[in-house]
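J.: Pasting the sequence and the predicted coordinates here, then a few questions.
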Amino acid sequence: MLSVMASARHDPSARMLNVDLIAVLVAVLLPWSTSGVGIGMVVWLAALAATLELRPFLRSLQRPICALPIVLVALAALGTLWSDASWGARLYALSPATKLLFLPFLFYHFERSTRGMWVFVAFLASCTLLTVASWMVVIDPSLSLKAPGDPAGYGIFVKNYIDQSQEFVLCTVVLAFPIITLLRDGKIRQALLLTAVAANFVLNMAFVVVSRTALVTLPIMLAVFAMAHLKWRTNVFLSVTAVVLGALAWTVSPQLQATTDRFVRDYRIYKEFNQPTSIGLRLEFWEKSLRFFAEAPVIGHGTGSTRGLFEAAATGPAVLAQGHVIGNPHNQTLNVAVQWGMIGIVILYAMWFSHFALFRGEGLAAWIGLMVVLQNMFSSLFNSHLFDFHEGWMYVLGVGVAGGMVLRARSGGAEPSGTARS
């Protein structure tokens with residue numbers, strides 16, 4: 001890799017490869033590191049600058065898939081002007097949105113590159129290695145990088161169970177496409193290998209740890225795959241099989257039982273005792289956020305205003321649900337609505353749906369991009385995942401790389417289209 005970087009000064013193809021390899025490195029780091037991803041993307045952008053042709057790039061910005069993320073970030077920047085928060089709070093709230101500015105550059109580069117799939121293979125391999133680390137932590141908890149005795153660290157080597165679950169769900173659903181395609185082509189051995197990899201992710205979520213958001217989004221994403229790529233007889237068979245296997249997994253997995261039981265328990269504790277459970281706090285945050293939105297429905301309260309609004313609305317001690325203060329209402333739509341009103345909501349959903357429409361087609365790249373968008377949209381019902389670091393970068397990298405590959409295929413590039421109907 002160092003030799004490639006050294007020769008890139010004089011060889012345009014080596015410069016392109018250099019940009020691809022840095023993107024691959026970022027994909028490898030994403031399940032493991034935050035600072036590594038941030039530094040890596042800055043280095044990637046600097047490497048891309050050496051290959052960028054200004055006029056074609058500026059023309060590409062006219063596409064809605066590029067323009068809408070820029071408009072959303074611009075709105076967030078303008079929102080600092082009418083916010084009552086301190087300037088430190090305004091800039092801190094602006095920062096999570098700025099990662100969306102990488103999308104036009106990713107579209108542009110991977111529309112030219114033939115190595116976009118390298119990035120996804122690297123991410124899959126890295127997540128697979130993370131499952132190995134997770135199983136090892138179950139056997140020996142001292143291997144975890146989490147604080148000793150942290151109950152949220154069970155089966156977690158690094159980061160947290162929400163990020164880990166998001167990665168494993170995405171890998172599981174994306175693998176469904178090549179598995180079906182390989183089976184259709186009679187490549188049984190390769191299909192069984194990928195099935196084993198997918199099963200590893202599912203077993204880890206079933207018997208080690210899984211987030212409740214993942215429990216909701218996984219069946220939805222699998223249902224989308226079934227409707228899009230399988231015949232109705234196969235759907236019926238797989239639906240029955242999924243129900244049976246799901247019931248069996250719930251029966252034999254204490255972790256899965258505990259996760260599902262917490263839905264009802266947390267809601268009851270919140271309603272009866274006003275205790276700050278996960279579900280209870282979300283209901284509290286959402287109710288107050290709707291009230292904040294109603295107070296400034298057009299342009300919102302401004303960037304970084306959320307925490308101040310919750311501080312003013314807090315009633316009672318912090319140990320009770322009504323007394324909790326937060327800067328993130330755990331819902332992407334409400335997060336945008338409170339700060340930038342209906343204008344922000346329209347831009348957010350226009351961006352999501354423009355990216356969704358980009359991936360309405362055949363082929364593995366289109367399938368990957370579609371699943372990344374759907375996962376982000378559904379999981380953002382319960383979290384502000386577009387603006388969260390890990391899930392936000394999953395979206396930016398996934399949509400940017402897959403989008404570039406789809407654009408390349410549509411313009412006559414070499415990306416295969418393929419199908420997975422069975």
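T.: Ah, there it is. Treat the numbers as computed from the prediction; the structure is a model and nothing was measured.

J.: which sections of the protein are below the confidence cut-off?
T.: Low-confidence segments of the chain (pLDDT under 70): 1-10, 147-153, 225-280, 316-324, 413-422.

J.: if I pick the nearest residue in space to residue 80 that is not next to it in sequence, what's in contact with it?
T.: Closest residue in space to residue 80, ignoring its immediate chain neighbours: residue 90 at 4.2 Å, by Cβ to Cβ, 6 or more residues apart in numbering. For every residue, glycine as well, the C-beta is placed using N, CA and C. Shown in contact with residue 90 (Cβ atoms under 8 Å, 6 or more residues apart in numbering): 79, 80, 83, 302, 303, 304.

J.: now the helices for the stretch 301-422 of the chain?
T.: Using DSSP state H, counting those that start in this stretch, the helices found in the stretch 301-422 of the chain span residues 306-313, 332-358, 364-379, 389-410.

J.: Residue 114: which of those helices is closest?
T.: With respect to residue 114, and counting by Cβ to Cβ, the nearest of those is helix 389-410 at 7.8 Å.

J.: Now the closest one: buried residues?
T.: Residues 389-409 are the ones in helix 389-410 that count as buried (16 or more other Cβ atoms under 10 Å).

J.: Now do it and helix 332-358, the angle between them.
T.: Calculated by axes from the mean of the first three to the mean of the last three Cα atoms, to 10 degrees, helix 389-410 forms an angle of 20 degrees with helix 332-358.

J.: how distant is helix 389-410 from the center of its chain?
T.: 11 Å (Cα atoms, centre = their mean, to the nearest Å).

J.: How about stretch 32-42?
T.: Mean-position distance between stretch 32-42 and its chain equals 16 Å (Cα atoms, centre = their mean).

J.: Touching that stretch from outside, list them.
T.: 22, 25-26, 29-30, 99, 102, 126, 130, 158-159, 389-390, 393.

J.: picking up where we left off before, right, and the helices of the stretch 301-422 of the chain - which one's nearest residue 169?
T.: Closest to residue 169 of the helices of the stretch 301-422 of the chain is helix 364-379 (Cβ to Cβ; 6.8 Å).

J.: Include distance to residue 291 when you put the helices of the stretch 301-422 of the chain into JSON lines, please.
T.: Output for these, formatted as JSON lines (distance: least, Cβ to Cβ, whole Å):
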{"stretch": "helix 306-313", "distance to residue 291": "8"}
{"stretch": "helix 332-358", "distance to residue 291": "10"}
{"stretch": "helix 364-379", "distance to residue 291": "24"}
{"stretch": "helix 389-410", "distance to residue 291": "26"}
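
J.: Compare these and report which one is nearest to residue 111.
T.: That would be helix 389-410 among the helices of the stretch 301-422 of the chain, by Cβ to Cβ, at 4.3 Å.

J.: Which other helices and strands does the closest one contact?
T.: Packing partners of helix 389-410 (3 or more Cβ pairs under 8 Å, 6 or more residues apart in numbering; DSSP states H and E): helix 12-29, helix 35-49, helix 102-112, helix 116-139, helix 161-184, helix 332-358, helix 364-379.

J.: Out of the helices of the stretch 301-422 of the chain, flag the one nearest residue 154.
T.: helix 389-410 (19.0 Å).

J.: ok, back up a step: what separation is there between the residue nearest to residue 80 and residue 308?
T.: Residue 90 sits 11 Å away from residue 308, going by Cβ to Cβ, to the nearest Å.

J.: pretty sure residue 300 is touching residue 335, no?
T.: No - applying Cβ atoms under 8 Å, one finds residue 300 not in contact with residue 335, separated by 10.2 Å.

J.: which residues does residue 30 contact?
T.: 37, 123, 126, 167, 390, 393, 394, 397.

J.: and the second one, how many neighbours does it have?
T.: Residue crowding around residue 123 was assessed by other Cβ atoms under 10 Å; the count is 26.
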